[in-house]
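A.B. asks: What follows is a predicted structure for the sequence shown.
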Amino acid sequence: MKIKPLGDRIVVERIEQESKTAGGIIIPDNAKEKPKQGKVLAVGAGNKDENGKRIPVDVAIGDIVLFTQWGGSEIKLDGKEYLVLKESDVIGIIVETSKKKAA
(Lines give C-alpha, C1' and ligand atoms only; values in the text may rest on other atoms or scores of the structure.)
Protein backbone atom coordinates (compact mmCIF):
# COMPACT_ATOMS: atom_id res chain seq x y z
CA MET A 1 0.00 0.00 0.00
CA LYS A 2 1.26 3.49 -0.83
CA ILE A 3 0.10 6.94 0.20
CA LYS A 4 0.29 10.08 -1.90
CA PRO A 5 0.08 13.25 0.20
CA LEU A 6 -1.98 16.18 -1.06
CA GLY A 7 -1.11 19.87 -1.11
CA ASP A 8 1.90 20.81 1.02
CA ARG A 9 1.88 17.61 3.09
CA ILE A 10 4.77 15.16 3.35
CA VAL A 11 5.05 11.57 4.60
CA VAL A 12 7.96 10.95 6.98
CA GLU A 13 9.37 7.83 8.60
CA ARG A 14 10.86 8.59 12.01
CA ILE A 15 14.57 7.92 12.54
CA GLU A 16 15.24 6.32 15.91
CA GLN A 17 17.71 8.13 18.17
CA GLU A 18 20.67 6.51 19.90
CA SER A 19 19.82 4.82 23.19
CA LYS A 20 23.13 5.96 24.69
CA THR A 21 24.27 9.52 25.38
CA ALA A 22 27.67 10.88 24.34
CA GLY A 23 28.85 10.31 27.91
CA GLY A 24 27.89 6.61 27.76
CA ILE A 25 24.68 6.74 29.80
CA ILE A 26 22.07 4.29 28.51
CA ILE A 27 18.58 5.77 28.20
CA PRO A 28 15.74 3.33 29.04
CA ASP A 29 12.90 2.97 26.51
CA ASN A 30 10.29 4.49 28.83
CA ALA A 31 12.39 7.69 29.24
CA LYS A 32 13.00 8.26 25.53
CA GLU A 33 11.20 11.00 23.63
CA LYS A 34 9.78 10.30 20.22
CA PRO A 35 12.33 11.17 17.54
CA LYS A 36 12.00 14.56 15.89
CA GLN A 37 13.98 13.53 12.83
CA GLY A 38 12.72 11.59 9.86
CA LYS A 39 13.31 10.57 6.29
CA VAL A 40 10.92 12.00 3.70
CA LEU A 41 9.17 9.19 1.80
CA ALA A 42 6.55 11.11 -0.20
CA VAL A 43 5.86 14.77 -1.02
CA GLY A 44 2.67 16.46 -2.16
CA ALA A 45 2.54 18.73 -5.22
CA GLY A 46 2.31 21.91 -3.11
CA ASN A 47 -0.42 24.42 -2.36
CA LYS A 48 -1.90 26.81 -4.89
CA ASP A 49 -1.69 30.60 -4.67
CA GLU A 50 -4.58 33.01 -5.39
CA ASN A 51 -4.04 32.67 -9.15
CA GLY A 52 -4.10 28.86 -9.09
CA LYS A 53 -0.36 28.49 -9.65
CA ARG A 54 1.36 25.68 -7.69
CA ILE A 55 3.89 26.63 -5.03
CA PRO A 56 6.34 23.70 -4.88
CA VAL A 57 7.31 22.13 -1.55
CA ASP A 58 10.89 22.86 -0.36
CA VAL A 59 11.68 19.28 0.72
CA ALA A 60 12.34 16.30 -1.55
CA ILE A 61 12.03 12.54 -1.21
CA GLY A 62 15.05 11.18 0.66
CA ASP A 63 15.74 14.36 2.67
CA ILE A 64 16.36 13.98 6.41
CA VAL A 65 14.26 16.62 8.19
CA LEU A 66 13.72 18.00 11.69
CA PHE A 67 10.10 18.61 12.63
CA THR A 68 8.10 20.01 15.53
CA GLN A 69 7.38 17.67 18.41
CA TRP A 70 3.59 17.83 18.25
CA GLY A 71 3.17 18.36 14.51
CA GLY A 72 1.56 16.00 12.07
CA SER A 73 -0.70 12.98 12.20
CA GLU A 74 0.55 9.49 12.94
CA ILE A 75 -0.69 6.76 10.61
CA LYS A 76 -0.03 3.04 10.35
CA LEU A 77 0.21 1.29 6.97
CA ASP A 78 1.20 -2.35 6.48
CA GLY A 79 2.35 -2.58 10.10
CA LYS A 80 4.73 0.42 9.89
CA GLU A 81 4.20 3.79 11.52
CA TYR A 82 4.52 7.00 9.51
CA LEU A 83 3.94 10.67 10.15
CA VAL A 84 2.05 12.99 7.77
CA LEU A 85 3.24 16.57 8.25
CA LYS A 86 2.41 19.91 6.71
CA GLU A 87 5.44 21.66 5.26
CA SER A 88 5.11 24.32 7.98
CA ASP A 89 5.78 21.62 10.65
CA VAL A 90 9.25 21.04 9.18
CA ILE A 91 11.91 23.04 11.02
CA GLY A 92 14.77 22.29 8.65
CA ILE A 93 16.62 19.85 6.42
CA ILE A 94 19.70 18.11 7.84
CA VAL A 95 22.62 18.53 5.47
CA GLU A 96 25.68 16.32 5.87
CA THR A 97 28.90 18.30 5.76
CA SER A 98 32.20 16.86 4.69
CA LYS A 99 34.98 17.02 7.30
CA LYS A 100 37.68 16.77 4.65
CA LYS A 101 39.10 19.94 3.18
CA ALA A 102 39.54 20.25 -0.57
CA ALA A 103 43.14 19.88 -1.68
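C.D. replies: Yep, that arrived.
A.B. asks: Which neighbouring elements make contact with the host helix or strand of Leu85?
C.D. replies: Assigned by DSSP states H and E, Leu85 belongs to strand 80-86. Counting contacts by 3 or more CB pairs under 8 Å, 6 or more residues apart in numbering; DSSP states H and E, strand 80-86 packs against strand 9-14, strand 73-77. To be clear about C-beta, it is placed using only N, CA and C from the backbone, and glycine gets the same treatment.
A.B. asks: right, and these - which one's nearest Lys86?
C.D. replies: Smallest distance to Lys86 across the helices and strands packed on strand 80-86 (CB to CB): 5.8 Å, for strand 9-14.
A.B. asks: isn't Arg14 right up against Leu85?
C.D. replies: No. Contact criterion CB atoms under 8 Å: Arg14 and Leu85 do not qualify, at 11.0 Å.
A.B. asks: And Val95, how far from Arg54?
C.D. replies: To Arg54, Val95 is 25 Å away according to CB to CB, to the nearest Å.
A.B. asks: The two: who's more crowded?
C.D. replies: Arg54 (11 against 7; other CB atoms under 10 Å).
A.B. asks: Phi first, then psi, for the more buried one.
C.D. replies: phi -70, psi 140 (degrees, to the nearest 10).
A.B. asks: May I ask you to confirm that it is in contact with Gly44?
C.D. replies: No. If you go by CB under 8 Å, Arg54 and Gly44 don't touch, sitting 10.0 Å apart.
A.B. asks: any idea how far Gly92 is from the residue nearest the centre of the chain?
C.D. replies: The structure's the chain has its C-alpha centroid closest to Gly38; by CA atoms, centre = their mean the separation is 3.6 Å. Going from Gly38 to Gly92 by CB to CB gives 12 Å.
A.B. asks: quick one: common contacting residues for these two?
C.D. replies: Listed as contacting both Gly38 and Gly92 by CB atoms under 8 Å, 6 or more residues apart in numbering are Val65.
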